[in-house]
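Asks: Got a sequence here, can you build the structure:
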Amino acid sequence: MKFPLARPRRLRASKIIRDAVAETRLDPAVFIYPIFVKPTGGREPIPSMPGQYRWPVGEELVRHVEEALSLGVNKVILFGVVPDEVKDAVGSPGYDPHGVVPRAIRLLKETFGDRLLVFADVCLCEYTDHGHCGVVRQKGGRWYVDNDETVKLYAKEAVVYADAGADFVAPSGMMDGQVAEIRKALDAHGFHEVGIMAYSAKYASAFYGPFRVAAASAPKFGDRRTYQMDPRNAYEALKEVSMDLEEGADIVMVKPALAYLDVIRLVKTHYPWAPLAAYNVSGEYSMVKAAASQGYIDERIVTLEILTAIKRAGADVILTYHALDAARWLREGQPF
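Replies: Model (predicted):
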């Protein structure tokens, strides 16, 4: 059909019409809210991520999660932050049954029960004294992360989190075979009902900078390009996702989200039956905050546009630091 018979503007004439025919709908139910937890002290602002905090395991954390639930955000993922003096070469604070993340899981599950779904990030970079995601070895004068030794520690960490009450564990280190090793360990300990959300296509991205400040997890030497994916590759994501699904992943993920919308779409097209998460990472969050603070953009509209784009690309769930603000704004109505 051609103009003047076809007039697409008829379906844009009012907000009621636009809402009625919108192809993509954003809802707080799709958000997973990342929270940084620390052992003691008070709420601590994160300079690199305005509006985000490191929360002590205690009443302040409980009140913050209560606020999230009141806004319809009923899923959180926890990241531990520990003092440098307790870190070691093998990240042992990460799989300490009395560590900060297990304590936070227990507190939140005891307080909120099934009202809250708790995901726990499984990695070692926050807990190693070198900042890499696993056990570092040297060979021929060069360092490398020992894949097979590292996945054994991931499995140990996942079991500790499951025992504390986590609903899902989320391996993020990009070690080969990590999902299979974790699934095997969980099942061996009777945690058949605990799910795995795998960081399947996690790229070696510069967008992680603010997070590394927040979690004190920047590598002390080198980078993570030998284990995280090359940003130039899209189809490689299909291999990573396929392997994780075969190994028992319940949810797969693309990270980051905004610069990798094409990868989100590619993965969803090839695996439409697999629940797909996308991580709207710290750098994406902080850029919006920085531009909004200068008056260059409307934070509300830009944030909701970005999250809608991630959903439109094919994400079923979105990990985002914008979760609480976005939930408030959605209550006021879509701005489009």
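
Asks: which residues of the stretch 1-150 of the chain fall in strands?
Replies: 31-38, 44-45, 53-56, 75-80, 117-122, 136-139, 142-145 (DSSP state E, counting those that start in this stretch).

Asks: Looking at these, which is nearest to Arg328?
Replies: strand 31-38 (11.8 Å; CB to CB). Heads up, the C-betas are built off the backbone N, CA and C, glycines and all.

Asks: just checking, what packs against the closest one?
Replies: Here strand 31-38 touches strand 53-56, helix 59-70, strand 75-80, helix 100-112, strand 317-320, helix 323-332, going by 3 or more CB pairs under 8 Å, 6 or more residues apart in numbering; DSSP states H and E.

Asks: how about TSV for the ones you listed, with mean pLDDT and mean neighbour count added?
Replies: Formatted as TSV, those follow (pLDDT from 0 to 100; neighbours: other CB atoms under 10 Å):
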stretch	mean pLDDT	mean neighbour count
strand 53-56	98	20
helix 59-70	98	15
strand 75-80	98	24
helix 100-112	98	21
strand 317-320	98	24
helix 323-332	97	18
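
Asks: closest one to Tyr33 among the ones you listed?
Replies: Per CB to CB, nearest to Tyr33 of these: helix 323-332, 4.0 Å.

Asks: Do you know the pLDDT at Phe336?
Replies: In this prediction, Phe336 carries a pLDDT score of 87.

Asks: Need the helices and strands packed on strand 31-38 in TSV (columns: distance to Ala29).
Replies: Shown next, in TSV, are those (distance: least, CB to CB, whole Å):
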stretch	distance to Ala29
strand 53-56	23
helix 59-70	12
strand 75-80	8
helix 100-112	16
strand 317-320	9
helix 323-332	10
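
Asks: and of the ones you listed, who's closest to Ala6?
Replies: That would be, of those and by CB to CB, helix 323-332, which comes in at 32.1 Å.

Asks: Report all helices and strands that the closest one contacts.
Replies: Based on contacts counted as 3+ CB pairs under 8 Å, 6+ apart, the elements that helix 323-332 packs against are strand 31-38, helix 59-70, helix 299-313.

Asks: quick one on the thing from earlier: for Arg142, find the nearest of the helices and strands packed on strand 31-38.
Replies: strand 75-80 (29.6 Å).

Asks: what are the pairing partners of that closest one, and which direction each?
Replies: strand 31-38 (parallel), strand 117-122 (parallel) (DSSP bridges).

Asks: Determine which of the ones you listed approaches Val159 most closely.
Replies: strand 117-122 (10.0 Å).

Asks: buried ones in the closest one?
Replies: 117-122 (16 or more other CB atoms under 10 Å).

Asks: which residues of the stretch 51-200 of the chain score low on pLDDT?
Replies: Within the stretch 51-200 of the chain, no stretch has pLDDT under 70.

Asks: before we move on, the earlier item: would CSV of the helices and strands packed on helix 323-332 with distance to Leu261 be doable?
Replies: As requested, the helices and strands packed on helix 323-332 are exported to CSV (distance: least, CB to CB, whole Å):
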stretch, distance to Leu261
strand 31-38, 18
helix 59-70, 26
helix 299-313, 4
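
Asks: And these: which comes nearest Leu319?
Replies: strand 31-38 (4.5 Å).

Asks: Need the residues that contact the closest one.
Replies: Residues outside strand 31-38 that contact it (CB atoms under 8 Å, 6 or more residues apart in numbering) are 44, 46, 52-57, 61, 64-65, 68, 73, 75-82, 100-101, 104, 119, 214-215, 277, 317-321, 323-324, 326-327.

Asks: quick one, what contacts the closest residue to Ser205 other than its chain neighbours?
Replies: Nearest non-adjacent residue to Ser205, counting by CB to CB, 6 or more residues apart in numbering: Pro256, 5.2 Å away. Pro256 is in contact with 203, 205, 207-208, 279-281, 283-284, counting by CB under 8 Å, 6+ apart.

Asks: Just these: which are in helices?
Replies: 283-284 (DSSP state H).

Asks: Looking at the contacts of Pro256, spot the one nearest Ala290.
Replies: Gly283 (10.3 Å).

Asks: since we're on the closest one, how many residues are nearby?
Replies: Look at Gly283: counted by other CB atoms under 10 Å, it has 21 neighbours.

Asks: quick one: the helix or strand where Leu238 lies to chain centroid distance?
Replies: Using DSSP states H and E, Leu238 falls within helix 236-247. Chain-centre distance of helix 236-247: 18 Å, with CA atoms, centre = their mean, to the nearest Å.

Asks: Which strands or helices does the helix or strand that comes right after that helix pack on?
Replies: Under the assignment DSSP H and E, the closest C-terminal helix or strand after helix 236-247 is strand 251-255. Helices and strands touching strand 251-255, as assessed by 3+ CB pairs under 8 Å, 6+ apart, comprise strand 195-202, helix 236-247, helix 261-270, strand 276-280, strand 317-320.

Asks: Please point out which parts of the helix or strand where Leu153 lies sit buried.
Replies: Per DSSP H and E, Leu153 falls inside helix 147-164. Across helix 147-164, burial judged by 16+ other CB under 10 Å covers 147, 150-164.
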